[in-house]
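Asks: Provided below are the primary sequence and the corresponding predicted coordinates.
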There are 2 protein chains.
Amino acid sequence: MPTALAVSPAVVDTVRIAALAHTADRLTIRWSDGRESPYPAIWLADNRPDRRDRPDGQRLFDAIDLPDGIAIGSVAVSAEGSVEIHLTGFDTPARFDAAWLRAHALDPASRAERRRRPVLWGSSLALPAGDYAAVTSDGGARAAWLRQAYDHGFSLLRGVPAEPGMVCMVVELFGFVRETNYGRLFDVVAVDKPQNLAFTALSLGNHTDNPYRDPVPQLQLLHCLEAAAEGGESVVVDGFAAAERLRRETPDAFALLTRRAVPFRYVEPGKVDLRNRAPLIELDAEGDLAAVRYNNRSIAPFDLDPDEVGPFYDAYRRFGRLLHDPGLTVGFRLAPGDLFIVDNQRVLHGRRGFSAGRRWLQGCYADKDGLTSTLFSLEAAR
Amino acid sequence: MPTALAVSPAVVDTVRIAALAHTADRLTIRWSDGRESPYPAIWLADNRPDRRDRPDGQRLFDAIDLPDGIAIGSVAVSAEGSVEIHLTGFDTPARFDAAWLRAHALDPASRAERRRRPVLWGSSLALPAGDYAAVTSDGGARAAWLRQAYDHGFSLLRGVPAEPGMVCMVVELFGFVRETNYGRLFDVVAVDKPQNLAFTALSLGNHTDNPYRDPVPQLQLLHCLEAAAEGGESVVVDGFAAAERLRRETPDAFALLTRRAVPFRYVEPGKVDLRNRAPLIELDAEGDLAAVRYNNRSIAPFDLDPDEVGPFYDAYRRFGRLLHDPGLTVGFRLAPGDLFIVDNQRVLHGRRGFSAGRRWLQGCYADKDGLTSTLFSLEAAR
């Protein structure tokens, strides 16, 4: 039978502990906003604050070393609001901060609050943009710019000096350049005898970069040094918005694209042979979108059961058409000094062909670990 | 009804085309070794060699632009062994090389041949090792060393000059250094007030590095500059072998670990806040092992339905015990000049504590794209 305790309310920001109850297996906290949060005994034992370096620090032991049959003996709330729990197999009680328990609660509402919800967008997107001078000098402006890139998977940066190499300097504001066979940075210009069709004046359909590479570069930055006199406009599309529309309209097609890997390949004979197999739409363990990949230039022959080839092409072509749907794409023109960052696992980019004048962009890859670490650290400091 | 063609045998290495048949929807090739390979019409249209830059080059169009209702009109085999296919909606026939068709065939046996099969190992592993002088000077030796790392997820390299910075030089033999908040390289030595428990003399349980980082560093290299007089032995374990044993012995526990994401976190307040959510055992779209993650220091409180917490701890602890099972682990002692590389998505490493003498390793991260690209290019050149 649960043991109910009447407690003096403990403050967790504005939410307080209203009541506590426990069995041997589980502590249940009822909060002042009505939420009820269960905490299993083994979870509490595993997360004892005295077994960590700091509250958010490294753990000093492994859960494989926990005793068997952990049970809750008794629970008390201190005047300051910490919850003291006696667990069998431990000499001292575990003392949890009420705010920590609320932040890590396992009830459905608390778990849902912690899930990331990307902001999906279509052709009506007002292009998010930051200002280079502000982003370099002010932590708040930098956090705001990174937050746009994180939430939308796309953001512009205006006023970057139109000088070679600056694209890497922008990466160093938040993270680290991902060097590849294309170098630390690469020039996107039309050249004779290009190894890659990107280095022509041709239009490029909407695509993610380097799906033939594992790990795929998670971020791409493109910085405009010279704009073509005619043509060369940039296009972006939210691959997550397109994928969610596919999931809604044709769930079978969506499911097929998430369940079958596609081979991608890029070869420069004798020098480079990059290969990857991955689904066009990748889900995480919770069924949320994790990544999209789409690149007609580097997609290799499908490696599928012959009977699935027809349905797979239907699904692929349906998704590809959504990724070029005018209701989802946004076009814009980069001027010298403009730069954009895309989440290369979510937002596709393309360009219109160009004819007159030289067009010169510099591109660079980076990864999200640096972006999110800088973003969360800056936001925590405010 | 299929149209059967009698053909003169076309050579594909030693395998020849024995017979061809087709319907409007599908070409079927019977090979001289008895294998029968079907090729759907839309797949053939999408892979027309004349729509690519080179046989393995970039595609010049997108499958969304293919006409609807593609059908095979007629098929012929030339004297040199190429297969000429008339497809509705195209002015010219598609001419496929027989060897290319065999290499990309969609019958079950051909598809199985292309699947990667990692070589699983346990405590009886004879440690794979290369020699630095040979690997730097000879492409064959380099390919052999990289092949060991690719197949086993682990390889030693002996005779690397015991000088600071050499670990990055070894990465540059095949790929690119992944820079992180720890730098391009990091010193693994015992220090006062360490930010990370790695920088102590404590023993470290078997772990993968940086599961709190997305993308996780796919390769880690550790180079010994000074060995402790006592202790500090290295330990490695094949996480894929352990996971396959878990799948065999307790399929429900295995399935639970593949289906639920675990949060990982590493914080240096005000500077670094790295977070990731990912399953301990990650499968690819085909159900093969893609990655394991295990790090008791950086695993964060489980974010699970309370009713799943118990079964999840059972599964986690079972997997953790397998990862420390003496039947699966291999111990060895690094001497100055020794280096090892691990596939950080597969092979866990740990160390015994040390007491007497200074122990100094330098570590560095890299990714598999460079390793596999160099390996496949070197192997193709032989």
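Replies: Perfect, I can see it now. Numbers count the residues shown, from 1 in each chain, chains lettered A, B, ... in the order given.
Asks: could you pull out the strands for the stretch 101-250 of chain A?
Replies: A:129-131, A:154-158, A:177-178, A:186-188, A:204-207, A:219-226, A:234-238 (DSSP state E, counting those that start in this stretch).
Asks: nearest to chain B, of those strands?
Replies: Closest to chain B of the strands of the stretch 101-250 of chain A is strand A:204-207 (C-beta to the nearest C-beta; 5.4 Å). Placement of C-beta: from N, CA and C, glycine included.
Asks: Direction included, what does that closest one pair against?
Replies: Strand A:204-207 pairs in its sheet with strand A:347-351 (antiparallel), by DSSP bridges.
Asks: Can you pull out the low-pLDDT segments for chain A?
Replies: Scanning chain A for pLDDT under 70 picks out A:1-13, A:192, A:356.
Asks: rerun that using 80 as the cut-off
Replies: Within chain A, the stretches with pLDDT under 80 are A:1-14, A:54-57, A:79, A:190-202, A:228-231, A:354-357.
Asks: by how many degrees do the longest helix along it and strand A:234-238 diverge?
Replies: Secondary structure of chain A per DSSP state H: the longest helix is helix A:306-322. Helix A:306-322 runs at 120 degrees relative to strand A:234-238, counting by axes from the mean of the first three to the mean of the last three C-alpha atoms, to 10 degrees.
Asks: one step back: put together TSV for the strands of the stretch 101-250 of chain A, with distance to B:R352 and mean neighbour count on each row.
Replies: TSV is the format used below for the strands of the stretch 101-250 of chain A (distance: least, C-beta to C-beta, whole Å; neighbours: other C-beta atoms under 10 Å in any protein chain shown):
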stretch	distance to B:R352	mean neighbour count
strand A:129-131	49	18
strand A:154-158	48	21
strand A:177-178	34	24
strand A:186-188	45	18
strand A:204-207	49	21
strand A:219-226	39	23
strand A:234-238	50	24
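Asks: nearest to B:A79, of the ones you listed?
Replies: Minimum separation from B:A79 across the strands of the stretch 101-250 of chain A (C-beta to C-beta) falls at strand A:204-207, 38.4 Å.
Asks: what about the helices in chain A?
Replies: Using DSSP H, helices in chain A cover A:41-46, A:98-103, A:108-114, A:132-137, A:139-152, A:166-171, A:239-249, A:251-259, A:306-322, A:368-381.
Asks: Columns distance to chain B on top of those, output as TSV?
Replies: Below are the helices of chain A laid out as TSV (distance: least, C-beta to the nearest C-beta, whole Å):
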stretch	distance to chain B
helix A:41-46	5
helix A:98-103	9
helix A:108-114	6
helix A:132-137	18
helix A:139-152	11
helix A:166-171	10
helix A:239-249	13
helix A:251-259	6
helix A:306-322	4
helix A:368-381	4
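Asks: so of those helices, which one's packed in deepest?
Replies: helix A:41-46 (a mean of 23; mean count of other C-beta atoms under 10 Å in any protein chain shown).
Asks: counting contacts, what elements does that one pack onto?
Replies: Packing partners of helix A:41-46 (3 or more C-beta pairs under 8 Å, 6 or more residues apart in numbering or on different chains; DSSP states H and E): strand A:26-31, strand A:82-87, strand A:94-97, helix B:306-322.
Asks: Need those in JSON lines (columns: distance to B:G34).
Replies: Listed next are the helices and strands packed on helix A:41-46 as JSON lines, based on distance: least, C-beta to C-beta, whole Å:
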{"stretch": "strand A:26-31", "distance to B:G34": "62"}
{"stretch": "strand A:82-87", "distance to B:G34": "65"}
{"stretch": "strand A:94-97", "distance to B:G34": "67"}
{"stretch": "helix B:306-322", "distance to B:G34": "41"}
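Asks: For B:H152, find the nearest of these.
Replies: helix B:306-322 (18.1 Å).
Asks: so what secondary structure elements neighbour that closest one?
Replies: Packing partners of helix B:306-322 (3+ C-beta pairs under 8 Å, 6+ apart): strand A:36-40, helix A:41-46, helix B:239-249, helix B:251-259.
Asks: on that earlier part again, which one, of the strands of the stretch 101-250 of chain A, ends up nearest to B:R16?
Replies: B:R16 lies closest, by C-beta to C-beta, to one member of the strands of the stretch 101-250 of chain A: strand A:204-207, at 38.8 Å.
Asks: quick one: contacts of the closest one?
Replies: A:197-198, A:235-237, A:294-297, A:323-324, A:329, A:348-351, B:62 (C-beta atoms under 8 Å, 6 or more residues apart in numbering or on different chains).
Asks: Fine by me, thanks again.
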